[in-house]
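Q: Coordinates for the following, if possible.
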Amino acid sequence: MKSSSKQRLRGFTLIELIITLVILGILSVTAVPKFLGSSTEDAYSYRDSALNALRTVQLRAMQNTALSSCHKLYITPTLIAPPTPDTCTGSADANNSEHLVVQINTQRSDITFNALDSNANTFTEISFDPLGRADQNCASQCKIDVGLAAICISGEGLIYACP
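A: Predicted structure coming up:
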């Protein structure tokens with residue numbers, strides 16, 4: 001004897017599966033790297049922050065040409081920062097209230113700053129003259145390596161992201 005009631009199969013439609021895959025794809029490309037941490041993304045992020053700090057100090061040097069003004073940044077393997085406000089002595093002040101402090105989170109990243117002048121000598125501080133030129137030996141180019149990214153400073157004072 002045949003049953004007159006039809007049994008309905010339960011499952012997902014093709015549209016539902018495609019939408020789920022698209023959402024998972026978008027999340028894997030955008031959200032997951034931010035939570036897991038990518039050394040390439042970290043390097044570019046730290047490089048961009050350091051570029052901002054260098055360009056700000058350079059512009060301040062070009063706008064305020066008084067000899068007593070301090071337009072300097074200290075560079076350590078994990079920190080780029082100006083000295084304590086209103087002084088031009090000491091070392092990098094990580095608690096500086098200005099937005100010029102770039103500090104690498106060493107618990108999350110293995111990136112370090114490494115500053116080299118034109119002769120491949122390491123330097124730990126950089127300041128700018130009233131024309132925007134670095135006080136280091138940047139005749140051809142100074143370079144600050146930031147993991148897989150880098151910042152270049154030309155002899156004329158041009159600060160740019162370089163490979």
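Q: rest of the way, CA atoms for contacts and neighbours
A: Noted.
Q: Could I get the contacting residues of the spatially most central residue of the chain?
A: Nearest residue to the geometric centre of the chain (CA atoms, centre = their mean): residue 46, 1.6 Å. Contact analysis of residue 46 by CA atoms under 8 Å, 6 or more residues apart in numbering lists 102, 104, 146.
Q: With distance to residue 135 as added columns, please give the residues you listed in a markdown table.
A: Output for those, formatted as a markdown table (distance: CA to CA, whole Å):
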| residue | distance to residue 135 |
| --- | --- |
| 102 | 21 |
| 104 | 25 |
| 146 | 21 |
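Q: Pull up the per-residue confidence for the residue nearest to the centre of the chain.
A: pLDDT, residue 46: 91.
Q: Can you classify it as helix, strand or coil?
A: Of the three states, residue 46 takes helix under DSSP: H, G, I helix; E, B strand; the rest coil.
Q: Narrow the contacts of residue 46 to those in strands?
A: Members of the contacts of residue 46 lying in strands (criterion: DSSP state E): 102, 146.
Q: As CSV, the contacts of residue 46 with pLDDT, distance to residue 62 and neighbour count would be great.
A: What follows is those, written out as CSV (pLDDT from 0 to 100; distance: CA to CA, whole Å; neighbours: other CA atoms under 10 Å):
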residue, pLDDT, distance to residue 62, neighbour count
102, 88, 22, 21
104, 87, 28, 19
146, 92, 26, 24
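Q: And the contacts of residue 46, which is closest to residue 73?
A: Relative to residue 73, the closest of the contacts of residue 46 is residue 102; by CA to CA it sits at 10.4 Å.
Q: ok, now which ones touch the nearest residue to the closest one once chain neighbours are set aside?
A: Spatial nearest neighbour of residue 102, excluding adjacent residues (CA to CA, 6 or more residues apart in numbering): residue 80 at 5.1 Å. By CA under 8 Å, 6+ apart, the contact set of residue 80 is 50, 73, 74, 92, 100, 101, 102, 103.
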